[in-house]
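Chemist: What follows is a predicted structure for the sequence shown.
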Amino acid sequence: MRSDDRIGEITGVSDLCKIMIRLKKHRVYPLVFLLIKLALLLPVATATVERVFSAMKIIKSQLRNRLGDDFMNDCLMAYIEKDVLNSIDNEDVIQRFQNMKSRRGLL
């Protein structure tokens, strides 16, 4: 592998990963390839966790300190995925709730 000219093209870990796949060395060195993949995933995983904790800090304030786990999870999901929720039309949500059957029982 050292004698291959394509090895000189490597400028980072992602280039090493691409060249290992191109030369089919990921089959010869599966543990090295796994280590490289984990090193490439670590910044993404860390950023996601930091994003969730940042959102939790915003949602969970002193006034809402006693939120239940399910409600807290729902609030966090809505806050984190706000781009998706903003794309949904409010009228569609209202229509869906209006079309639902009433669940209240008569007393």
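Modeler: All right, it came through fine.

Chemist: which SSE is the residue nearest the centre of the chain in?
Modeler: Nearest residue to the geometric centre of the chain (CA atoms, centre = their mean): residue 48, 5.6 Å. Element membership for residue 48 (DSSP states H and E) is helix 30-59.

Chemist: Give the rounded mean pLDDT of the next helix or strand after that helix.
Modeler: For helix 30-59, the following helix or strand on the C-terminal side (DSSP H and E) is helix 69-80. Averaged across helix 69-80, pLDDT comes to 80.

Chemist: Give me the helices and strands touching helix 69-80, please.
Modeler: Secondary-structure packing of helix 69-80 (3 or more CB pairs under 8 Å, 6 or more residues apart in numbering; DSSP states H and E): helix 30-59. Heads up, the C-betas are built off the backbone N, CA and C, glycines and all.

Chemist: roughly how far is the helix it packs on from the heart of the chain?
Modeler: 9 Å (CA atoms, centre = their mean, to the nearest Å).

Chemist: I'd like to check the angle between it and helix 69-80, please.
Modeler: For helix 30-59 against helix 69-80, the angle by axes from the mean of the first three to the mean of the last three CA atoms, to 10 degrees is 100 degrees.

Chemist: in helix 30-59, what's buried?
Modeler: Neighbour counts over helix 30-59 (16 or more other CB atoms under 10 Å) mark 33, 36, 55 as buried.

Chemist: Return the member of those nearest to residue 12.
Modeler: residue 36 (10.6 Å; CB to CB).

Chemist: Distance check, that closest one against residue 16.
Modeler: 6 Å (CB to CB, to the nearest Å).

Chemist: And for residue 71?
Modeler: Distance, residue 71 to residue 16, by CB to CB: 45 Å.

Chemist: now do residue 74
Modeler: Here the criterion is CB to CB. By it, residue 74 lies 42 Å from residue 16.

Chemist: again with residue 51
Modeler: 28 Å.

Chemist: just residue 73 next, same as before
Modeler: From residue 73 to residue 16 the distance is 39 Å (CB to CB).
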